[in-house]
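Novice: coordinates only, no sequence provided:
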């Protein structure tokens with residue numbers, strides 16, 4: 001009886017088989033769905049990362065192009081110096097190369113100058129120096145001498161940092177010495193050393209030494225001319 005009853009109910013095993021197959025189909029399509037979703041998400045993330053990288057590279061490239069277009073000194077150390085500079089130096093302390101007292105903070109001794117730079121390292125400077133010194137002698141004379149030096153200097157310079165520079169140069173000058181009714185002339189050898197600090201984009205302040213040395217002739221009555229001056233100056237570039 002049990003056998004015949006079970007034999008008369010054939011639909012139960014087939015129903016269970018269909019349920020198992022439907023469950024497997026759901027698992028299969030669910031797996032395909034989630035796999036496709038993961039691939040889509042990963043591709044979107046890669047595209048976003050690539051776009052971000054391209055954007056960063058574009059910003060970097062633009063900033064590099066902008067910085068390369070900005071003129072700099074010595075390959076990027078600092079600001080490019082102007083082609084022309086003009087300045088005024090005060091020889092706050094001077095040592096004459098003839099019989100006279102040293103200057104003691106005498107602001108009447110000064111140098112007017114202008115420079116033209118071929119590039120960041122080499123330039124040419126023209127200058128006019130006016131100086132006066134109180135003479136001395138065995139008789140205690142208080143006569144005052146005066147000198148004018150008109151010359152040119154070949155210069156080189158180097159940047160210490162973005163706002164500091166040093167320069168040095170040598171050149172020649174024509175010197176005129178006067179003491180009362182006495183007038184003497186000579187050709188002078190000139191040397192200069194300066195260190196400068198940037199105040200703003202166009203102004204610099206500098207300190208240094210200017211040495212002018214020559215004599216008025218080669219005879220018994222010749223006289224040494226020139227001086228060594230310790231200077232403070234300011235310059236403007238354009």
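Specialist: Perfect, thanks for sending it. All figures in this text were calculated on a predicted structure; none of them were measured in a lab.
Novice: buried stuff in the helix or strand encompassing residue 197?
Specialist: Element membership for residue 197 (DSSP states H and E) is strand 182-198. Under the neighbour-count criterion of 16 or more other CB atoms under 10 Å, strand 182-198 has 184, 186, 188, 190, 192, 194, 196, 198 buried. In short, each C-beta sits where N, CA and C put it, glycine included.
Novice: what's the answer for stretch 169-180, then?
Specialist: Residues 169, 171, 173, 175, 177, 179 are the ones in stretch 169-180 that count as buried (16+ other CB under 10 Å).
Novice: what's the answer for stretch 110-124, then?
Specialist: 110-111, 113, 115, 117, 120, 123.
Novice: first-to-last residue distance for it?
Specialist: From its first residue to its last, stretch 110-124 covers 19 Å (CA to CA, to the nearest Å).
Novice: and what of stretch 89-102?
Specialist: Terminal residues of stretch 89-102 are spaced 18 Å apart (CA to CA).
Novice: what sits up against it?
Specialist: Residues from elsewhere that reach stretch 89-102 (CB atoms under 8 Å, 6 or more residues apart in numbering): 103-107, 109-111, 113, 129, 131, 133-137, 145, 177, 206, 210, 213, 223-233.
Novice: which ones among those map onto strands?
Specialist: Among these, DSSP state E puts 110-111, 113, 129, 131, 133-134, 145, 177, 206, 210, 213, 224-233 in strands.
Novice: tell me the buried residues within those residues.
Specialist: In these, burial by neighbour count holds for 110-111, 113, 129, 131, 133-134, 145, 177, 206, 210, 213, 225-229, 231, 233, counting by 16+ other CB under 10 Å.
Novice: where does this protein dip in pLDDT?
Specialist: 1-81, 137-141, 220 (pLDDT under 70).
Novice: domains for it, by residue range?
Specialist: The record's domain parsing of the chain by automatic domain parsing lists 2-69, 78-237.
Novice: and the helices in this protein?
Specialist: 2-7, 11-69 (DSSP state H).
Novice: any chance of CSV for the buried residues of strand 182-198, columns distance to residue 153?
Specialist: Output for the buried residues of strand 182-198, formatted as CSV (distance: CB to CB, whole Å):
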residue, distance to residue 153
184, 23
186, 17
188, 11
190, 6
192, 6
194, 11
196, 15
198, 22
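Novice: wait, which of the residues you listed is closest to residue 218?
Specialist: For these, the minimum distance to residue 218 (CB to CB) is 10.2 Å, reached by residue 186.
Novice: could you find the closest non-adjacent residue to the closest one?
Specialist: Leaving aside its chain neighbours, residue 186 sits nearest to residue 214 (4.2 Å; criterion: CB to CB, 6 or more residues apart in numbering).
Novice: then residue 185?
Specialist: residue 176 (5.4 Å).
Novice: list the contacts for residue 126?
Specialist: By CB under 8 Å, 6+ apart, the residues touching residue 126 are 113-115, 151-153.
Novice: can you rerun that using 10 Å?
Specialist: 112-116, 150-153, 171, 173 (CB atoms under 10 Å, 6 or more residues apart in numbering).
Novice: what bridges to it?
Specialist: Judged by DSSP bridges, the bridge partners of residue 126 are residue 114, residue 152.
Novice: and it, how far is that from residue 211?
Specialist: 17 Å (CB to CB, to the nearest Å).
Novice: same question, residue 123
Specialist: 19 Å.
Novice: ditto for residue 107
Specialist: 20 Å.
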